[in-house]
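Trainee: Whatever this is, show me its structure:
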Amino acid sequence: MEAKQTFTADDGTKYEVQDDGTLRDVDGRHRKMSMINNGDSRDDRPLTWSEQRDRVQTIEAIGEVPEELRRLWSDLSGNQHAAIRFIERESIDLPESTPGHRPLWVGAALKPKGAVRSVRPRVLYRGVQLDPMVVWGADDRRIYNDPRFPWGCVCRIETAGGPGSGVLVGPRHVLTASHMIDWNSGVASIEVHRAGGMVLATARAETTLSFSRVIDNDSTSLDEDYAVIVCDQRLGDRFGWMGTRTYNSAWDGEDY
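Mentor: Numbers count the residues shown, from 1 in each chain. Here you go, the predicted structure:
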């Protein structure tokens with residue numbers, strides 16, 4: 001019998017990769033810590049921006065990317081269907097959180113490097129300049145080009161419904177919005193760190209995991225609008241992945 005792949009997260013927790021790509025806490029350490037820390041204490045809440053700024057520093061990458069992780073490209077041609085699996089909440093024992101992971105060959109930074117700004121093309125209609133993309137309120141968005149952790153964990157997802165975004169949360173796992181999923185075929189392509197016309201890696205969806213199907217996102221379905229795509233490439237091993245936490249409604253309105 002072939003031995004399953006294992007790895008140790010930054011917090012010392014040892015995980016075993018299952019056949020379906022999910023993770024199993026080998027010694028139950030992370031679950032025990034979650035049970036101990038679960039509650040309303042201030043230590044259990046997310047960090048505010050100022051706390052992140054004070055605690056997180058820029059970390060330089062160490063070593064080279066392993067050869068087997070340097071070329072993660074999937075054949076995105078064709079129209080192969082992907083599996084869709086709906087999960088009953090009562091049938092599984094969910095941990096309160098899962099840890100993130102940063103490979104040694106990936107540096108980290110709290111704020112990403114800015115990208116070179118391009119001049120937006122002018123669109124004229126009968127001599128009047130149009131602004132087809134409207135942002136309500138002050139537009140404080142910035143374009144970045146930084147593959148360091150955690151910015152390199154952000155993915156672009158393409159489905160039949162159009163493009164969207166997601167984030168790596170496991171070795172082959174991408175968290176995205178449920179309304180992004182093509183529920184007819186499950187087909188999706190994933191690109192890591194798209195900057196201009198270039199991407200660092202690509203993958204295709206093998207399975208989509210979700211508690212429910214959200215088609216049109218509104219106030220009644222907002223809490224359920226998430227799904228996890230299991231990819232055919234181990235993107236997280238190359239770029240790292242962000243951890244997850246069960247949301248606490250007590251955090252509403254806070255600066256986290």
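Trainee: List the residues that contact residue 104.
Mentor: Going by CB atoms under 8 Å, 6 or more residues apart in numbering, residue 104 touches 61-63. The way it works is simple: take the backbone N, C-alpha and C, and place the C-beta from them, glycine included.
Trainee: Now with 10 Å, please.
Mentor: Residues near residue 104 by CB atoms under 10 Å, 6 or more residues apart in numbering: 59, 61-65, 240.
Trainee: same check, this time on residue 191
Mentor: The neighbours of residue 191, taking CB under 10 Å, 6+ apart as the test, are 76, 154-158, 163, 166, 198-203, 235.
Trainee: Now list the buried members of those residues.
Mentor: When neighbours are counted using 16 or more other CB atoms under 10 Å, these contain these buried positions: 154-158, 166, 200-203, 235.
Trainee: most surrounded residue in the contacts of residue 104?
Mentor: residue 240 (23 neighbours; other CB atoms under 10 Å).
Trainee: That residue and residue 114: what is the separation?
Mentor: Noted for residue 240: a distance of 21 Å to residue 114, by CB to CB, to the nearest Å.
Trainee: what's around residue 75, how many residues?
Mentor: Using other CB under 10 Å as the criterion, residue 75 is surrounded by 9 other residues.
Trainee: Skipping its backbone neighbours, what lies nearest it in space?
Mentor: The spatial neighbour of residue 75 that comes closest, neighbours along the chain excluded (CB to CB, 6 or more residues apart in numbering), is residue 204 at 7.7 Å.
Trainee: ok so, going back, where is pLDDT lowest across the contacts of residue 191?
Mentor: The member of the contacts of residue 191 with the lowest model confidence is residue 76, at 72 (criterion: pLDDT).
Trainee: quick one: contacts for it?
Mentor: Going by CB under 10 Å, 6+ apart, the list of residues near residue 76 reads 158, 187-191, 202-204.
Trainee: mind checking how far it is from residue 180?
Mentor: Counting by CB to CB, the gap from residue 76 to residue 180 is 17 Å.
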